[in-house]
Every structure is written in C-alpha cells, then in structure tokens.
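Enquirer: I need the structure of the sequence given here:
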Amino acid sequence: MIRLEKSLQRKAIRFWGWFDLPFIISVVALAGIGLIGIYSATLNGPSFNLFSKQMVWLLLGGLIFFFLSLSDYRVLNDHAFTLYSVSIVGLIAVLLFGVEIHGSRSWIRLAGISLQPSEFAKISLVLVVARYLSGQSETYLSKTQILVLSCLTLLPTLLVMLQGDLGTGITYLPIVVGAMFVAGLTVRIAFTMSILILLSSPLAWFTLRGYQQQRILATLNPSLDPQGVGYQTSQSVIAIGSSGLTGKGFGNGFQSQLGFVPEIHSDFVYALLTEEWGLWGGGLILGLYFILIHRLTRMGGHAQDRAGILLVTGVTSLLGFHVLINIGMALGICPPVGIPLPLLSYGGSSTITFMSCLGLASSVYRRRFVYTDP
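Expert: Okay, here's the model as predicted:
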C-alpha cells in the first residue's frame, strides 16, 4: 500500500513537472479575482445571474485549457489555414445573420447562447501566422511574406470593423506585429512601416463612425463632454482616484455599486476592483499580469520549434495588448473601445478565447524537451 502511494506521488510530481506552476497559479488567481469582481458588480443589480454564467464559462475554459495543454499544439498548427478559413466564414455569417448589441453586429445566437466569432478568430489568427512563418528559412522577412501576413490580418480586421466593432478589430494587429519582429524585420522595413502607419492615420480618422471620433476627442480633452461620451471614462477615473491605499471594501464601491460606471462588470472591471481593493489591489492585478506575461516569454524561450516560438509570441502580444488598452481605458488615457480585460472581464467568448490561447502556450511548454525539426 505504501509503495503504491509513493508510486502515485512520483507520477503526480512528474505530471505537474511538465507544467509551469507560476503560470497556472497566475491564471487561476486572475480568474478568481475576476469572479469576485463580477459578483460584487452584480450584487445589488438585476444581473446577478451573470456571476453564475461567468463561473460556467470559466469552468468550461479551464477544461479547454487543460485539454489543449495535454494535446499537441502541432496538430492544430497543421490545420491552421483550415481553422482560419472557418473563422472567416463565421465573421461573414455574423454580417448576414448576426445580432446587434450595444451598436455593433458582432454576436450570433446558437441554442439561445450569444457567441462572438470575432473573439474566436483571434485563436485562428495566432495559429495561421505561426503556421505561415514556421516554414521560413531566411533570417529576415521578405516583402512577399510581409504582404501575405498583412492580408491575413487585414481580412478579419475589415470584417470585424464592418460589424461596428473597432476595438476587437485592432486587437488582431499586435498578433502579427509581434510575430514579425520575432521572425525578423529589417530596420529599414520596420521604419518604412511606421512611417506608412503615421501617414495613413489621418485617413483612418475619416473611416471612423461619429461616436468613435467623439470617444477619441473626449479622451484627449476630458472636459469636452463629461456627461455624454466622456461620462463612462470620467466615472472610472473617479472610482480609481477615490480608492485610496486599501480601498472601500468588498461591495462598498460608491461608483460601482450605485451604477455610475456602465459596463463595470466587463470593460471597466479594473476600476471596480481598484475602488474596492485600493491601490494595493490594483497593483496586485498588475503584478499577476506581469508574472503571466513573464512566464509566457519564458515559455517561448523554451520552445523546441519555430512554430512554438511564434505561437507563444502571438498569445503574449495579444494578451499584453488587451491589458495595456483596457487598463488605459480605466485610467482615462485610452478611448473606451470595448476591449475586455483578460480573465477578469465578464464574457463567455472572451474567456474561452484566452483560456484556449493560454492552453496552447502551455502545450508548447510541455513539449520543451521534445525536439522537432524546424
């Protein structure tokens, strides 16, 4: 009996040794903090069932995370272009049959559940970029490769922007930009791309809808429309600024509990948590994200093939961009563009997407001792 117990212990140690425990702990901690925030946000409102729904999404996401961690990421990488094609079809289907919520036609209903294909398209884009660049043999990217990568990214971006969802559309860009830098961009091409982006920015302004332009102007000048377009951001800044060092306590946030900050359980959950937990709590969340991104970077360094390195790079770039923009929204230094905070914000599609991406990164790490030809 004692030998059996010791044998099981050794097997358990070997099994968990394949995982990055600080990475998993940070994922679980962030998901748990998000649940606490959503519970507090809906405590006195009519949407208390959002907490139970988010718990279901997190449980499902956790199962997907461990399934993908135990699976071989190279199998999905081999079918990346097929998955990408399916995601494009899904984005087109949303334009034809989608449901409009909060001014954007980004959702499609299946069996009574609202899903956002534009979120799932992030997974396929990470995979297809890694798949395309994994066969590269040159030290630097060619102009043809950059053109192909640009087309692969612009297609889903334009389809999502046609849905009226600018925020999700721009989240595709850091995936390919991060992969390009890792795969090899010459200084000249990087400089040229930066200049082209700067020159095209004024033209992009005229493609924005009126309310999107107003959000940007209100961010640059908070006093422009504090009771209209700038209201949400102003209330978020007040919530964070009034938190103090230790916060107001669970369920005692004035701005959040009285409904002064719309969408507090999703886009502005960081403002809620900081108001109730204080600057220490806000710093804790940032620290957990730092650990998560650091461990992802370490995973990429341990990858045994080019596809694994690029896959982890795409996941890291996507997550880092989301954290940067969402917390920037809460602090009033970025316009509110509807980008969720990974693992903390309410949302089934977003939760499944990030759990899947993190599971793929974990799969790369678990195969760090398995050599594969580049």
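Enquirer: now the helices: where do they sit in the stretch 101-250 of the chain?
Expert: Assigned by DSSP state H, counting those that start in this stretch, the stretch 101-250 of the chain shows helices spanning 117-134, 143-162, 166-170, 173-183, 187-205, 210-220, 231-241.
Enquirer: got those as CSV, with mean neighbour count columns?
Expert: For every residue, glycine as well, the C-beta is placed using N, CA and C. CSV is the format used below for the helices of the stretch 101-250 of the chain (neighbours: other CB atoms under 10 Å):
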stretch, mean neighbour count
helix 117-134, 25
helix 143-162, 17
helix 166-170, 21
helix 173-183, 21
helix 187-205, 10
helix 210-220, 16
helix 231-241, 21
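Enquirer: Pipe those helices into CSV and attach mean pLDDT and distance to Val75 per row.
Expert: CSV is the format used below for the helices of the stretch 101-250 of the chain (pLDDT from 0 to 100; distance: least, CB to CB, whole Å):
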stretch, mean pLDDT, distance to Val75
helix 117-134, 93, 11
helix 143-162, 90, 21
helix 166-170, 84, 27
helix 173-183, 90, 20
helix 187-205, 72, 33
helix 210-220, 63, 40
helix 231-241, 78, 42
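Enquirer: Rebuild the ones you listed as CSV, extending it with distance to Gly314.
Expert: Output for the helices of the stretch 101-250 of the chain, formatted as CSV (distance: least, CB to CB, whole Å):
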stretch, distance to Gly314
helix 117-134, 4
helix 143-162, 11
helix 166-170, 15
helix 173-183, 5
helix 187-205, 18
helix 210-220, 26
helix 231-241, 29
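Enquirer: Out of these, which is closest to Ser350?
Expert: Shortest distance between Ser350 and these, using CB to CB, is found for helix 117-134: 5.4 Å.
Enquirer: Between helix 173-183 and that closest one, find me the angle.
Expert: Orientation check (axes from the mean of the first three to the mean of the last three CA atoms, to 10 degrees): helix 117-134 against helix 173-183 gives 10 degrees.
Enquirer: sorry, back to before: of all the helices of the stretch 101-250 of the chain, which one is nearest Phe321?
Expert: Within these, the stretch nearest Phe321 is helix 173-183; the backing value is 4.1 Å (CB to CB).
Enquirer: what's next to the closest one, contact-wise?
Expert: For helix 173-183, contacts defined as CB atoms under 8 Å, 6 or more residues apart in numbering pick out 122, 125-126, 129-130, 133, 136, 141, 146, 149-150, 152-153, 157, 190, 309-310, 313-314, 316-318, 320-321.
Enquirer: where's Ala29 relative to Leu43, distance?
Expert: Distance, Ala29 to Leu43, by CB to CB, to the nearest Å: 21 Å.
Enquirer: between these two, which one's more packed in?
Expert: Neighbours around Ala29 and Leu43, counted as other CB atoms under 10 Å, are more numerous at Ala29. The numbers are 17 against 13.
Enquirer: What about the closest residue to that one other than its chain neighbours, how many residues nearby?
Expert: Nearest-residue entry for Ala29: Leu288, 5.5 Å, with adjacent residues in sequence omitted and distances by CB to CB, 6 or more residues apart in numbering. Neighbour count of Leu288, defined by other CB under 10 Å: 19.
Enquirer: Run the angle between the strand or helix carrying Leu288 and helix 173-183 for me.
Expert: Leu288 is located in helix 269-302, with elements delineated by DSSP states H and E. Computed by the same axes, to 10 degrees, the angle separating helix 269-302 from helix 173-183 equals 20 degrees.
Enquirer: Show me what the mean pLDDT comes to for helix 269-302.
Expert: Helix 269-302 shows a mean pLDDT of 92.
Enquirer: got the buried residues for that helix?
Expert: Neighbour-count burial for helix 269-302 flags 269-278, 281-282, 284-285, 288-289, 291-293, 295-296, 299-300, 302 (criterion: 16 or more other CB atoms under 10 Å).
Enquirer: What of stretch 96-111?
Expert: Buried residues in stretch 96-111 (16+ other CB under 10 Å): Gly98, Ser104, Arg105, Ser106, Trp107, Ile108.
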